[in-house]
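Student: need a structure here:
(4 chains)
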Amino acid sequence: MFDKVLIANRGEIAVRIARTCRDLGIRTVAVFSDADRQSLHVRMCDEAVRIGPAPSSESYLVAEAILAAAKQTGAQAIHPGYGFLAENAAFARLTTEAGLAFIGPSSAAMELMGDKARAREMAERASVPTVPGTPPIEDAAAASAAAEAIGFPLLVKATAGGGGKGMRLVEDAAALPGLFDQARSEAMASFGNPAVILEKFIELPRHIEFQIVADHHGNVVHLLERECSVQRRHQKLIEEAPSSFLDEELRSRMGAAAVSLASEASYRNAGTVEFLVDPDRNFYFLEMNTRLQVEHPVTELITGIDLVELQLEIASGAKLPFVQADIKPRGAAMELRITAEDPFDNFVPSGGRIRYLREAEGPGIRNDSGIATGSEVTPHYDPLIAKLIVAGDDRQQVLARARRAVREYQIDGVFTTLPFFSRMLRDDRFVANAIDVSFVDRHWMSEMAVAPIARHEELLEVALAAAAVSKASPAIREGGVPAESSRWKRFGLEDQLGNR
Amino acid sequence: MFDKVLIANRGEIAVRIARTCRDLGIRTVAVFSDADRQSLHVRMCDEAVRIGPAPSSESYLVAEAILAAAKQTGAQAIHPGYGFLAENAAFARLTTEAGLAFIGPSSAAMELMGDKARAREMAERASVPTVPGTPPIEDAAAASAAAEAIGFPLLVKATAGGGGKGMRLVEDAAALPGLFDQARSEAMASFGNPAVILEKFIELPRHIEFQIVADHHGNVVHLLERECSVQRRHQKLIEEAPSSFLDEELRSRMGAAAVSLASEASYRNAGTVEFLVDPDRNFYFLEMNTRLQVEHPVTELITGIDLVELQLEIASGAKLPFVQADIKPRGAAMELRITAEDPFDNFVPSGGRIRYLREAEGPGIRNDSGIATGSEVTPHYDPLIAKLIVAGDDRQQVLARARRAVREYQIDGVFTTLPFFSRMLRDDRFVANAIDVSFVDRHWMSEMAVAPIARHEELLEVALAAAAVSKASPAIREGGVPAESSRWKRFGLEDQLGNR
Amino acid sequence: MARKTKLYPIDGGEAYMVTVERAASGHRASSEAPDFDAHVATQGPGRMSVVTEKGSYEVSVERRNGEIAVKIENEWFRFNEERESADIAPRSRARAEVKAPMPGKVVQLLANVGEKVVAGQGILLFEAMKMQNEIRSPQDGVLSSMAVAVGQTIDARERLFVIKGNDS
Amino acid sequence: MARKTKLYPIDGGEAYMVTVERAASGHRASSEAPDFDAHVATQGPGRMSVVTEKGSYEVSVERRNGEIAVKIENEWFRFNEERESADIAPRSRARAEVKAPMPGKVVQLLANVGEKVVAGQGILLFEAMKMQNEIRSPQDGVLSSMAVAVGQTIDARERLFVIKGNDS
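Tutor: Numbering: from 1, shown residues only, chains lettered A, B, ... in the order given. Purely as a prediction, here's the structure:
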């Protein structure tokens, strides 16, 4: 095992990795930008090296600076966390060339999975279902014939396309010829290339992913699934395991598909195979993430495995200490991503100083956080500040504990997604797991965020009492914060107030 | 199940009970003294009622005030926690007579177990081993004969005694006659009653206890053991489960003894049977605690059972949802009791304001705390302010995580037992579990507390840097605290400083 | 000493009248409409514990620019300290310059220079902290100038665009 | 502006000389004996992060009565801000009155009135917060009066006993 590991990341994931390293007696090296000198991850590591100014393009994304820090401190391995350089194949290669272990897959596997076309090819070779589609099609008649095999609804998509240009949703066979021609014309106009393909349109899909781990000795095991369908514009907000949408048969087939893909790709270390699952329980390979996921703790809680420990062991050459049959879920778990965003204002990011922090605690609660009382939330990085992870015997107990924990959790100084969770965890559709990846986009701002406050009259009285004491008693120190870090300082708003 | 429960307690246990109630949708009523208006348990309950001034004799110990609060709020049941009125049979009876459920055993069972002689009788009837002893003995010859059956060393103890008067430790048969006569004379002089008994002297015993739960339908199950041998003057400091001192055979026999005793006593709800275990693995009934224990979370972590939930279910008439064969330990757990005491000054209590609190978090960590940043630790109540509970696959992982967690845990404003844990968790003897109940008394103040600081030179440099910046930069806000709540305000010390 | 305190709903309805007086361990706050009687204890900046006959509540209070925002159980209640008179009510100004609130990148322009816009209308898409956000017009008027282009990286407080009011 | 700062070990050894200067995000502190160069960042009252070539440390600092106490990894380091001169060194005073530091109960008397006692000697056992603690003599002298009896309940600041100094 390594004696010293450099953690090429910041925030909650750097803190989380440092904890397991310390448990294993491994010394940790933090890297930090000028904006992060005060950050929790610097305090939680055994050594710390400055790598540049605040912008990540000048610090956390600079491979040379990170490798220099590793060399300077004598680190033997680099854990990239997620984001930043975690899926940068060139960084993985440079790390290995510098004689250090990269805690993740080979750069070749990262390159392969980073290329959507090659990843899809690999999935097909591994007999993993992909979204049914055609090669480029030239005319409407051929399209109609091909459409029979795919079924409706389907998408006509420009091969050179992006951003919805040259794309048409086709509901039935009658509409195909017209929309096919429109798409070709638009593709020609937009990209100078009229080539289009047909692809099955997955309606109301769920996002369900499988955690896999693979050692350097050819062993690949999946650690069950995570249901991640609560998303806003493709950003996950809540993840849970197991998915109550899967039965044992489907779980077993999807898990086998994930293992097969990883084996085919000679994948090493921890990775995640993401699938879309349609309401009829058909699943389709979406992509593979070649790193530790934000949501890995839910898998840890239902399997009892420390994934970071396993990553370190695999990277140092150990064999997997279990086989597939050993992996049995115990209970259920859910992760809530607490970000510094205002869910009532379309999740606009919020910066400022954490004036007060009291995390939820007690039975079934795990906290993976990157902040503490006094921390500054700066605009430079991802707004994820803390993860609240809840375990229990079953989904019902997890939901109850999560509701309690969200109510208990106190963060003053920035807007957070806690109010989103407070309402979401009580939503009948979420409680019934009757959701899909577009649920939040369809229902939050238009309906859930504007729904009246429950127990409004009762809470209004309390609010009036508190506001009146605050106004009437200048002796009481207020919750005011310096102008440069105010919750009110948000997009445009402060300027507007200033202009009044 | 109940709709509303009054929690007749304060601090961490009131908070912990409130959490499970909220998980179950049960409304909670806090009671508080004037010293506790700001306390966390008031903020964590759904309702709160003042029951009197700060001294517990005028608030938390006043049965009438608590029953009046229950009546006023319409609570259907009272959870007493531990301490205060938890083992007061009269309070349990008054509660029942007021038409409320008492979440604990019957007052009859509490009275029985609260009387040491009757409890010992009950144990003998249940064939549970007790410390071997004799009835009162009149002369040295009879004593010598009786001593043969007990073996040496043994104690000669005045039946009317207490505080060591009329007590002699006898190492061998030759010494018995002389010491026997001395003890009788001293007993006569001290208590006017020369009667003495012989009792086996248990050398270097461990304290190992079994959690039992019993429903109102005659079912009794034990939830395995807790090793609680790390004690200072009979105050537990660290508890863990399972005990690595027990093998399966002994665990099974001790567990059966605990169940047998509870059955014989028609015990209901949760309780703990405490045993002394000698180095030869003989065990002896010590006493039964008729309430939830401080250290119940270690049992929760190795069994996956929420004991407070189970208490509430039992009290509302439910049957135990498991049988003995279902109870299998998963992994290991350890609890560290963080008290406001200075371990370097003989554990003298420390009061003050919690200026900064950051609990340890991450994999395997559970916090049950009664404080938050800004809390006052007052001299009125037990100095236990927080419990750090650690779970893992086995004792080795638990120890590693506990060391990490203690290092990570930050409390400013009062002295705490964290430095004790920091040194204890690295002690070879503790790591090997080669301890007994007198270990801390024998080794802490004389040896471990005065051992040099590890990595002294390295940390001294850091201390000098921090102290120099603090002294040289008046601009930096200091960690000074108001005089009335200072860490320096301890027994005698402040007055002495003031007199200089 | 009891003191009457007025709080104005943010939406402009009738003012609430709350009586505040000192009490043991904090303050007592009471009102007739709505009818309540609360004990309020303060612990640290902006953190309060409120106990009424109905329940016990943990509350966070923030004050800024004459507004009092109260958070209870993850719901927000907002009041004005003073009634905004007609004189100081928001109105269209001659010129409103909108600046970038934090460093980021311009992703898309949503309005063209010379276009009539209304208050709250999105003018450009701005990416910061990995998220896209609309920067909106603070008032009705005309988008008179655009200082940035798509793809441009912007520092905090850099000017983005100017809206000329209808009055001007 | 570099500034030399002296810190005196609590045990009275040689003073440490540390140079402090402002630096980005905090201060730089350095010394020749022992030889170190540290970056110190402060976050909130008494909380510091120290980064040296050897490592990264989280530190808590408390100052009171001319003493600076530093906590690192649950170990304490204590310094005096000023060297105590012979003039202000602790000495026996004419009379030292010792009061109860918190409410509690007298459990046992450990010395008799008229008895000669030394600084640090236990005078009585006091129970508070469920724990028994020795109240000790602040100086050498004679236990001249005892204001309390075994079993008596005492309020905070109530007088317990008086020690008369040998000088008097």
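Student: distance check, the residue positioned nearest the centre of chain C against chain D.
Tutor: Nearest residue to the geometric centre of chain C (C-alpha atoms, centre = their mean): C:E67, 7.3 Å. Here C:E67 is placed at a distance of 27 Å from chain D (C-beta to the nearest C-beta, to the nearest Å). C-betas here are computed from N, CA, C, even on glycine.
Student: check contacts around that residue.
Tutor: Counting by C-beta atoms under 8 Å, 6 or more residues apart in numbering or on different chains, C:E67 touches C:I10, C:R78, C:F79, C:N80, C:E81.
Student: burial of the residue of the stretch 51-200 of chain A found nearest chain B, as a residue count?
Tutor: Residue of the stretch 51-200 of chain A nearest chain B, by C-beta to the nearest C-beta: A:G81 (14.5 Å). Counted by other C-beta atoms under 10 Å in any protein chain shown, the residues lying close to A:G81 total 26.
Student: show me what contacts it?
Tutor: Contacts of A:G81 (C-beta under 8 Å, 6+ apart): A:I7, A:A8, A:N9, A:I13, A:A14, A:I17, A:R291, A:L292.
Student: apply 6 Å and report the result again.
Tutor: By C-beta atoms under 6 Å, 6 or more residues apart in numbering or on different chains, the contact set of A:G81 is A:N9, A:I13.
Student: so where does it fall, helix or strand?
Tutor: Here A:G81 sits in a region with no helix or strand, counting by DSSP states H and E.
Student: look up how far chain B lies from A:V450.
Tutor: Applying C-beta to the nearest C-beta, the value for A:V450 to chain B is 27 Å.
Student: what about that residue, which SS state?
Tutor: The three-state assignment at A:V450 reads coil, by DSSP: H, G, I helix; E, B strand; the rest coil.
Student: quick check, the residue in the stretch 101-250 of chain A closest to chain D?
Tutor: Closest point on the stretch 101-250 of chain A to chain D, by C-beta to the nearest C-beta, is A:I103, at 20.3 Å.
Student: how many neighbours does that residue have?
Tutor: Residues within reach of A:I103, counting by other C-beta under 10 Å, total 29.
Student: equivalent analysis for A:E457, please.
Tutor: Residues lying near A:E457 (other C-beta under 10 Å) number 10.
Student: same thing with A:P153?
Tutor: Other residues near A:P153 come to 14 when the count uses other C-beta under 10 Å.
Student: equivalent analysis for A:E376, please.
Tutor: Residues near A:E376, counting by other C-beta under 10 Å, number 18.
Student: who's it bridged to?
Tutor: A:R353 (DSSP bridges).
Student: does it touch A:R353 like I think?
Tutor: Yes - the pair A:E376 / A:R353 is scored as a contact, 5.4 Å apart, by C-beta atoms under 6 Å.
Student: specify the residue positioned farthest from the middle of chain C.
Tutor: C:A24 (33.5 Å).
Student: which non-adjacent residue is nearest that one?
Tutor: Of all residues not flanking C:A24 in the chain, B:D34 sits nearest, at 7.0 Å (C-beta to C-beta, 6 or more residues apart in numbering or on different chains).
Student: chain center to the helix or strand bottoming out on mean pLDDT in chain C, what's the gap?
Tutor: One helix or strand of chain C scores below all others by mean pLDDT, DSSP states H and E: strand C:131-136, with a mean of 78. Centroid separation for strand C:131-136 versus its chain: 17 Å, with C-alpha atoms, centre = their mean, to the nearest Å.
Student: ok, now stretch C:11-24?
Tutor: Mean C-alpha position of stretch C:11-24 versus that of the full chain (C-alpha atoms, centre = their mean) differs by 20 Å.
Student: alpha carbons only: can I get it in CSV?
Tutor: C-alpha atoms of stretch C:11-24 as CSV (Å, rounded to 0.1, in the frame of the first residue of the first chain):
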residue,chain,number,x,y,z
ASP,C,11,-46.3,41.8,-1.1
GLY,C,12,-47.6,45.1,0.2
GLY,C,13,-50.6,43.9,2.3
GLU,C,14,-51.7,45.2,5.7
ALA,C,15,-48.9,45.7,8.3
TYR,C,16,-48.6,43.3,11.2
MET,C,17,-48.4,44.9,14.7
VAL,C,18,-46.3,42.9,17.1
THR,C,19,-45.6,43.8,20.8
VAL,C,20,-42.1,43.0,22.0
GLU,C,21,-40.9,43.0,25.6
ARG,C,22,-37.9,41.7,27.5
ALA,C,23,-38.5,38.4,29.3
ALA,C,24,-36.4,35.9,31.2
